[in-house]
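In: what follows is a predicted structure for the sequence shown.
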Amino acid sequence: MKHLRFLTIFLFALSVSVFPSISTSAPVTPAPAVSVHMALGNPSNATPSLANEDNFLMVKPLFVISYNKSKGGPNWVSWHIDSSELGTFARPGSPFFSDTALPAAWRITKNDYHFAETGMDRGHMCPSADRSHSVANMKATFVMSNMLPQSANLNRHVWASLEDYGRRLVNDQGKEVYIIAGGVGSKGMIKGKVNIPTATWKIIVVIDAGENDLSRINKNTRVIAVKMPNNLDLESSTPWPTFMTTVDKIEEETGYDFLSNLPTSIQKVIEAKEDTIGDQ
Ligand code: MN
Ligand code: MN
């Protein structure tokens, strides 16, 4: 292990000396995305270092997570949906499982939410239905590192209706979407392990299905941003657009920088405007 670490440092030093940074007047090329699911950026500059235990980057085949050990859940989850990721399989029951990619002491188990006492569902950030191309993919979304505690009426109704809308954009309107979701605030910890966010937020960037996605996002691109209260008494029939907000406001509350792989001139415009189309 020790030798490996020195070797890594040696190789890194070598790469720096062989490929010195080059100064040029050309436009800045966005940092290469490690995954299509994080093509728009890494909102919290998460890293895959175990020392970074509250902002730990996990690049998974179906989505990317910034994990927070202290909160027992994700800071954010980021994923892309196009028609290739959607199918017609039904939800495969409730096969929740601990994330074995995390150190044992960091893991949340499927029983850690204590629903009977807290009323808090295991709320998927990347929903299983967003990965309905295969049963195996749907099951993979049940990893506990993809969950935040959400009140039943939020998870099963208001939040779910926006999830459904995102898929309809892909299935019925010829779109592909980039989604980032997470929580903010604290209403306490479940058994000292899992933070209950006061609200969960979601950002959806909507573009026509196609290639070279980043270059097709401009100042007119539709961005849906919502922040929904994580309340047990949330009225289940509340339409999701009730909770529309802006990316700027979510950035302010979370301290993250979303869509950071886009030129700042574009971020400035699309992060400041509230969606006007709603559920159509
Ligand atoms: Mn859900
Ligand atoms: Mn931003």
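Out: Looks like it arrived, so ask away. Ligands and ions are numbered 1, 2, ... in the order given.
In: wait, isn't Ala39 in contact with Arg216?
Out: No. Contact between Ala39 and Arg216 fails when scored by Cβ atoms under 8 Å: they sit 11.6 Å apart. (Glycine included, C-beta is placed from N, CA and C.)
In: if you count surrounding residues, which of the two has more?
Out: Relative neighbour count places Ala39 above the other of Ala39 and Arg216, with 20 against 12, counting by other Cβ atoms under 10 Å.
In: if I pick that one, what's in contact with it?
Out: With contacts taken as Cβ atoms under 8 Å, 6 or more residues apart in numbering, Ala39 has the following neighbours: Ala33, His80, Tyr178, Asp213, Leu214, Asn261.
In: mind listing the helices in the stretch 51-200 of the chain by residue range?
Out: 115-118, 135-140, 152-153, 159-173 (DSSP state H, counting those that start in this stretch).
In: pLDDT on the last one, on average?
Out: So that's helix 159-173. Per-residue pLDDT values across helix 159-173 average out to 98.
In: get me the contact residues on the stretch 51-200 of the chain for ligand 1.
Out: Counting by Cβ under 5 Å from the ion, the positions of the stretch 51-200 of the chain adjacent to ligand 1 are Gly123, His124, Asn155.
In: out of the residues you listed, which sit inside strands?
Out: Among these, the members falling in strands (DSSP state E) are Gly123, His124.
In: please name the residues that touch Pro103.
Out: With Cβ under 8 Å, 6+ apart as the criterion, the residues that contact Pro103 are Leu50.
In: the closest residue to Ile65 other than its chain neighbours: what's it in contact with?
Out: Counting by Cβ to Cβ, 6 or more residues apart in numbering, the nearest residue to Ile65 once its immediate chain neighbours are dropped is Met58, at 4.3 Å. Neighbouring residues of Met58 by Cβ under 8 Å, 6+ apart: Pro48, Val64, Ile65, Ser66, Tyr67, Asp99, Ala101, Leu102, Ser145.
In: same question for Arg131.
Out: By Cβ under 8 Å, 6+ apart, the contact set of Arg131 is Leu62, Glu85, Asn137, Met138, Ala140, Thr141.
In: model confidence score at the nearest residue to the fifth one once chain neighbours are set aside, please.
Out: The spatially closest residue to Ala140, leaving aside those adjacent along the chain, is Leu62, at 5.6 Å (Cβ to Cβ, 6+ apart). As predicted, Leu62 sits at a pLDDT of 96.
In: and what of Val34?
Out: According to the model's per-residue confidence, Val34 sits at a pLDDT of 74.
In: bridged to the nearest residue to it once chain neighbours are set aside, which residues?
Out: Closest residue to Val34 in three dimensions, ignoring its sequence neighbours and counting by Cβ to Cβ, 6+ apart: Val59, at 5.6 Å. With DSSP bridges applied, Val59 shows beta-bridge pairing to Val64.
In: what do you get for Gln150?
Out: Per DSSP bridges, residues listed as beta-bridge partners of Gln150: Asp121.
In: that older thread, could the contacts of Arg131 go into a markdown table alongside neighbour count and distance to ligand 2?
Out: Formatted as a markdown table, these follow (neighbours: other Cβ atoms under 10 Å; distance: Cβ to the ion, whole Å):
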| residue | neighbour count | distance to ligand 2 |
| --- | --- | --- |
| Leu62 | 21 | 24 |
| Glu85 | 18 | 25 |
| Asn137 | 17 | 29 |
| Met138 | 23 | 31 |
| Ala140 | 19 | 29 |
| Thr141 | 26 | 26 |
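In: ok, which stretches of the stretch 1-150 of the chain are strands?
Out: For the stretch 1-150 of the chain, the strands defined by DSSP state E, counting those that start in this stretch occupy 56-59, 64-68, 73-81, 120-124, 147-151.
In: most centrally placed residue in the protein?
Out: Note on the chain: the residue nearest the mean C-alpha position is Val77, at 2.1 Å, using Cα atoms, centre = their mean.
In: just checking, that residue touches Thr200?
Out: No. Using Cβ under 8 Å, Val77 is not in contact with Thr200, being 10.7 Å away.
In: shared neighbours, the two?
Out: For the pair Val77 and Thr200, residues contacting each of them under the criterion Cβ under 8 Å, 6+ apart are Ala181, Gly182.
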